[in-house]
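Asks: Got a sequence here, can you build the structure:
(chains A, B, C and D)
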There are 2 protein chains.
Amino acid sequence: MRPLVHPSIEDITVEGILHALSDPVRAAIYAELAISSGATCSNFLKISDREIPKSTLSQHFRALREAGLIRSERQGVEMRNSTRCEEINQRFPGLVMAIMKAHQVQAEERMRASKRKLAVSKSRSG
Amino acid sequence: MRPLVHPSIEDITVEGILHALSDPVRAAIYAELAISSGATCSNFLKISDREIPKSTLSQHFRALREAGLIRSERQGVEMRNSTRCEEINQRFPGLVMAIMKAHQVQAEERMRASKRKLAVSKSRSG
DNA sequence: TTCCATAGTTCATAAGTTACGAACTACTGG
DNA sequence: CCAGTAGTTCGTAACTTATGAACTATGGAA
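Replies: Below you'll find the model as predicted:
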């Protein structure tokens, strides 16, 4: 089994970061990790109402890791993941924060939209 | 020929923006447009020392347009392109600016790196 | 008009990327 | 050593992207 690859800070690219975070599942994983550092992969088998197969999840973690966004370390039988946000923020100040903030804005909008929709369907049926 | 698609501001997604700007050619086009608004597609047939086939370029413009990053308008025989940065900045404050800034940091680093390399090869040969 | 040139789009397809089930490896406790 | 849990790898099907060739759209000249 090949060892985990973590790019050194100067090998991290903007393209890589953007690509990694342009996937909604990976963005959600990253956001969650930013809050609760040290989570394992299988903590995310269910994310935002979707079941993710574990092989897919493994690939998502690899993508985040090889883009330089997270660090993964084996701890016994499981994997502890944490963000590399301080490092990245030093190299690309404000980048990751702006992206996370935008994702949050969007999540809030979607929540509002789904509430509106629910209200409309209730008023139609009732 | 199907008409140009420009998403309305509320249909623009963070995923879409990140994906569009995760390609170095598209990021370069966008950066250039941010400075010199109104450029045409064929202004970019050569970008950062690379020849881009015009069909490929057309697809890149479509990607930027459908992600909501640029607006394209036919003007006579050509297409005038401009960024939608004010709109986007209203919805996702700071996002696009942070990305552009990061791309710039990286471009500067690469320039420094290539200069160092050149100096090394000169000192070896001389 | 008709024809030509310029600017860009579309289409077919080849090349590359991603998703996911099945089979694997790695570690732990009994 | 075995069983169980956590995660990885591999094969392949599905999707995406790049590009040449053929097309559309527009404007000007004959």
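Asks: Could you use CA atoms for every contact and neighbour count after this?
Replies: OK.
Asks: so where's chain A uncertain?
Replies: A:124-126 (pLDDT under 70).
Asks: which residues of chain A fall in strands?
Replies: All strands of chain A, identified by DSSP state E, fall at A:46-47, A:50-51, A:70-75, A:78-83.
Asks: Give the buried residues for stretch A:53-65.
Replies: A:57, A:60-65 (16 or more other Cα atoms under 10 Å in any protein chain shown).
Asks: Need the winner for burial among the strands of chain A.
Replies: Greatest average neighbour count among the strands of chain A goes to strand A:78-83 (a mean of 19), per mean count of other Cα atoms under 10 Å in any protein chain shown.
Asks: Quick one: name the residues of chain A near DNA strand D.
Replies: Applying Cα under 7 Å from any atom of the strand, we find that chain A lies next to DNA strand D at A:1-3, A:40-43, A:54-59, A:61-62, A:77-80.
Asks: Around A:Ile88, count how many other residues there are.
Replies: Close neighbours of A:Ile88, defined as other Cα atoms under 10 Å in any protein chain shown, add up to 21.
Asks: For the helix ranked longest in chain A, which helices and strands make contact with it?
Replies: Secondary structure of chain A read by DSSP state H shows that its longest helix is helix A:95-125. Where contact means 3 or more Cα pairs under 8 Å, 6 or more residues apart in numbering or on different chains; DSSP states H and E, helix A:95-125 is packed against helix A:24-35, helix A:85-91, helix B:14-21, helix B:95-125.
Asks: What residue in chain A comes nearest to DNA strand C?
Replies: A:Gly76 (3.6 Å; Cα to the nearest atom of the strand).
Asks: how many neighbours does that residue have?
Replies: Number of residues near A:Gly76 (other Cα under 10 Å) recorded here: 7.
Asks: Ramachandran coordinates for it?
Replies: phi 70, psi -130 (degrees, to the nearest 10).
Asks: Stretch A:41-53 spans what distance, first to last residue?
Replies: Stretch A:41-53 stretches 11 Å from its first residue to its last (Cα to Cα, to the nearest Å).
Asks: Are that stretch and DNA strand C in contact anywhere?
Replies: Yes: part of stretch A:41-53 sits near DNA strand C under the criterion Cα under 7 Å from any atom of the strand, namely A:52-53.
Asks: so who does A:Ser48 touch?
Replies: For A:Ser48, the contact set (Cα atoms under 8 Å, 6 or more residues apart in numbering or on different chains) comprises A:Ala28.
Asks: circling back to that earlier point, compile the strands of chain A into CSV and extend it with columns for distance to B:Ala98.
Replies: Shown next, in CSV, are these (distance: least, Cα to Cα, whole Å):
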stretch, distance to B:Ala98
strand A:46-47, 27
strand A:50-51, 30
strand A:70-75, 20
strand A:78-83, 19
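Asks: Nearest to A:Ala34 among the ones you listed would be which one?
Replies: strand A:78-83 (6.1 Å; Cα to Cα).
Asks: Many thanks, we can stop here.
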